[in-house]
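>>> Starting from these lines, generate the structure:
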Amino acid sequence: MIRFFDILFSFLGILFLFPVFLFLYIAIRLESKGGGFYKQLRVGRNGKDFYVYKFRSMRIGSDRQGLITVGGRDPRITRIGYFIRKYKLDELPQLFNVLKGDMSLVGPRPEVRKYVDLYTDEQRKVLSVRPGITDYASIEYVDENTILGQAEDADKVYVEQIMPDKIHYNMKYIEHRSVMEYFKIIFLTIWSIGR
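Here you go, the predicted model:
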């Protein structure tokens, strides 16, 4: 049933948000060199790699300088990038990932292989479901970039504090996964963005 809602909502989202997609794509291309979209290899269900799609919010080649974004002081982010990240608009192209079946609207955020390789056997349970665009961890850590921006060693803070805590929230959804929980998380996400 969840897959049915994923297909329905991702298709309708792409259809109705097409003018927004077009506007953001043009705005990104006008501000900085490079394409309007960005893809990055992430780890999905059962540990299978896939490309996650986003609107590009950073300058070309920025990912070679590190995988973690460090809040307001990160000079790699473009002006339009700050805006689309603030309102989570950079995630909209993941509706295509949902339609393809790589992702769900709701589920643990897909992680890069570097960090998945650090998971314990217990933590690897988050790979038993499709990764999602949003989940409890995304709601709780809506200010993650700010937290990392204030850290002396952002990578260490992410690995030792944020990542284990996010996995704890991921498990909350996995252990109570249902259509009701799915809609609850979608509602909470919209509410947190709108605040």
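
>>> What's the first helix or strand after the helix or strand of the chain with the lowest mean pLDDT?
Lowest by mean pLDDT, DSSP states H and E among the helices and strands of the chain is helix 144-149, with a mean of 78. Using DSSP states H and E, the helix or strand that follows helix 144-149 in sequence is helix 154-157.

>>> average pLDDT across that following helix?
Helix 154-157 shows a mean pLDDT of 89.

>>> which helices and strands sit right next to that helix?
Applying 3 or more C-beta pairs under 8 Å, 6 or more residues apart in numbering; DSSP states H and E, one finds that helix 154-157 contacts helix 144-149. Backbone N, C-alpha and C define where each C-beta goes, glycine included.

>>> how much space is there between the closest residue to residue 43 other than its chain neighbours and residue 47?
Closest residue to residue 43 apart from its sequence neighbours, by C-beta to C-beta, 6 or more residues apart in numbering: residue 116 at 4.5 Å. For residue 116, the distance to residue 47 equals 7 Å [C-beta to C-beta, to the nearest Å].

>>> Pick out whichever of those two has more residues nearby.
Comparing residue 116 with residue 47 by neighbour count (other C-beta atoms under 10 Å), the higher total belongs to residue 116, at 18 against 12.

>>> my guess is the more buried one meets residue 46, correct?
No - using C-beta atoms under 8 Å, residue 116 is not in contact with residue 46; the gap is 11.7 Å.

>>> tell me, what's touching those two both at once?
Contact criterion C-beta atoms under 8 Å, 6 or more residues apart in numbering; residues shared by residue 116 and residue 46: residue 127.

>>> shouldn't residue 166 be in contact with residue 142?
No - counting by C-beta under 8 Å, residue 166 does not reach residue 142; the two are 11.9 Å apart.

>>> where's the residue of the chain most remote from its centre, which helix or strand?
Most distant from the centre of the chain: residue 30, at 24.2 Å, with distances by C-alpha atoms, centre = their mean. Residue 30 is part of helix 18-31, with elements assigned from DSSP H and E.
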